[in-house]
Structure formats: C-alpha cells, structure tokens
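**Q** I'd like to go over a predicted model; first the sequence, then the structure.
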Amino acid sequence: MKIVILLTNIVMISSSFAANNLLYRQESKKSMSISKIKRDSDIYLSNESLLRDGEGENGIYTDYFYTKKDSLRFSIGYQFAQDFENISQISTVDLQIHKKFSSYKDQWFGIQIKRVVGQYDALADELDESSNPEADGNIKRGTTEQTMTIVGLGFGYRFKGLTQMFSSDRVFENIMAFGNYVAHLDKQTSKKYSGYGLTAEYAIQRRISEALFFNFKIGYNIASVERSAEDDEKKEERSLVFKWSTLGFDIGYYF
C-alpha cells in the first residue's frame with residue numbers, strides 16, 4: 001500500500017513539473033496541435049481560445065481552431081460622432097494592421113491610418129478671446145469643416161472581461177493605444193497645420209469565422225497641431241488643440 005501511495009505521489013509531482021515546464025516554455029507555433037491544446041487545456045486556456053468552426057449534422061461541430069495562434073489581423077472601419085442627434089458631425093474612415101508579439105499572451109502592436117472630416121465645434125471647444133484675439137485658437141469657426149490625416153503606431157491587448165457575460169466563445173475585447181502624427185487643414189483659413197496626438201480605443205469583437213471578425217468600437221482622440229510662424233508669432237498664437245470621441249465599427253480578417 002505504501003508503494004502505491006509513493007508511486008501516486010511521484011506521478012502527481014511529475015505531472016505538475018511537466019505542466020509548469022510547459023507553462024513557462026514559449027511554444028513554437030508549428031509544434032502546436034489540437035490534441036496538445038485539448039490535453040493541456042488549463043495551460044492553453046482552451047475555454048477562451050479554442051473555438052468550434054461550423055456545425056454539422058445533429059449539432060456536432062466539425063472542426064476546431066485555436067485563437068492563440070492568430071498572428072496578424074487587418075481591418076477597415078468607419079466611425080462617427082457620439083452625438084446621436086447629429087452623428088454626421090464627425091466622419092472617420094480608418095485602416096488598421098496589427099501583428100501579435102511572438103507569444104500566446106494576446107499582446108499586439110500595429111499601425112493605423114485615419115482620414116477624419118468633421119465640424120470644428122464637434123472636434124474642439126471654441127475659446128474665449130485672450131490678449132490676442134487674432135490668435136488661431138480664438139477664431140470663431142463654428143461648424144466649419146476640418147480635415148485630418150492621421151498615421152499612428154500603437155500597442156494593445158485582446159482579452160475577455162465584460163464579454164464573459166455573453167454565452168459565446170466567439171466574443172472578445174480589444175484595447176489599443178496609438179501615438180499619432182497628424183496633418184490638419186483648417187477650411188476656415190485654408191491654413192495647414194501638423195503635430196502629434198493620441199488615440200485610445202476599446203472594442204468588442206465578434207469572431208464570425210476562423211478568419212473573419214466584426215468590431216464595435218469606442219474611441220477617444222487628442223491632437224495638438226501648429227502651423228509655420230508668420231513674422232514673430234508665438235507658438236500659442238498659431239496652435240490648435242482638438243479632443244473628440246467617436247463610436248464606430250469595423251470588419252477585418254485574421255491571418
């Protein structure tokens with residue numbers, strides 16, 4: 001009896017040691033297999049990451065795919081103003097390409113390209129006149145159209161938090177933060193500005209198939225731009241600051 005107990009303990013310790021080795025070791029994507037994932041489901045988080053693709057006869061799923069092996073995603077989307085009475089105040093078309101770091105932790109880096117067209121009063125607050133009423137920020141632009149071209153680099157994370165309330169293994173969340181270069185044209189004065197900004201996004205993602213997905217997104221943007229000086233203008237006299245929020249959606253593809 002003592003020998004049986006001893007052997008049982010040895011097996012348990014060996015299994016634990018093997019699991020820990022597997023947990024700490026970075027697995028090559030080529031070495032992953034469905035049977036390996038299913039065998040070590042606690043380590044590979046199969047409940048969150050192993051999705052069933054296609055429903056065959058009698059409700060039996062025909063195939064599996066493992067989302068931790070996703071490595072590249074591409075998406076194109078559209079965003080609009082959060083003012084539901086006038087969502088057309090802001091119109092944004094964007095393209096994003098994201099690459100996952102070489103691990104199974106769902107950390108991503110990517111690039112975004114945006115084209116923003118919107119009314120000035122939806123993108124920025126009208127300022128009270130300062131000591132220099134001719135400063136760019138004090139010009140009353142109202143609903144005058146503003147355009148921006150934005151290129152940014154960012155980092156993000158895909159996870160399951162609030163989406164755990166959905167009875168589906170195909171719903172995920174993504175957060176992304178970008179640092180941007182911004183080129184801006186003020187249609188009021190026909191002057192061109194450039195500068196830098198930030199974008200923060202939260203998205204709920206529905207995995208439609210192994211490759212195709214759909215996002216609903218909430219975004220917040222900041223941009224600080226300036227134009228070339230004329231005569232002895234100070235920087236604050238030729239600068240503009242924009243802050244705006246958007247809602248939107250995009251559709252994309254995993255590779």
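**A** Alright, I've got the coordinates. Residues are numbered from 1 along each chain as shown.
**Q** Tell me the helices and strands packed up against the helix or strand encompassing residue 246.
**A** Assigned by DSSP states H and E, residue 246 belongs to strand 239-254. Contact partners of strand 239-254 among helices and strands, from 3 or more C-beta pairs under 8 Å, 6 or more residues apart in numbering; DSSP states H and E: strand 72-81, strand 90-100, helix 120-123, strand 171-186, strand 191-207, strand 212-226. (Glycine included, C-beta is placed from N, CA and C.)
**Q** Tell me how far whichever helix or strand comes after the third one lies from the chain's centre.
**A** On the C-terminal side of helix 120-123, the nearest following helix or strand under DSSP H and E is strand 145-159. Once both centres are worked out by C-alpha atoms, centre = their mean, to the nearest Å, strand 145-159 turns out to sit 9 Å from its chain's centre.
**Q** now do stretch 152-172
**A** 10 Å.
**Q** Over to that stretch now: how far is its first residue from its last?
**A** End-to-end distance of stretch 152-172: 23 Å, with C-alpha to C-alpha, to the nearest Å as the criterion.
**Q** That one - what's its average pLDDT?
**A** Regarding stretch 152-172, the rounded mean pLDDT is 85.
**Q** what does stretch 242-255 give?
**A** On average, stretch 242-255 scores 96.
**Q** buried set for that stretch?
**A** Across stretch 242-255, burial judged by 16 or more other C-beta atoms under 10 Å covers 242, 244, 246-248, 250, 252, 254.
**Q** How about residue 172: what's its closest non-neighbour residue?
**A** residue 205 (4.5 Å; C-beta to C-beta, 6 or more residues apart in numbering).
**Q** nope, residue 183 is what I was after
**A** Leaving aside its sequence neighbours, residue 183 sits nearest to residue 149 (C-beta to C-beta, 6+ apart; 4.6 Å).
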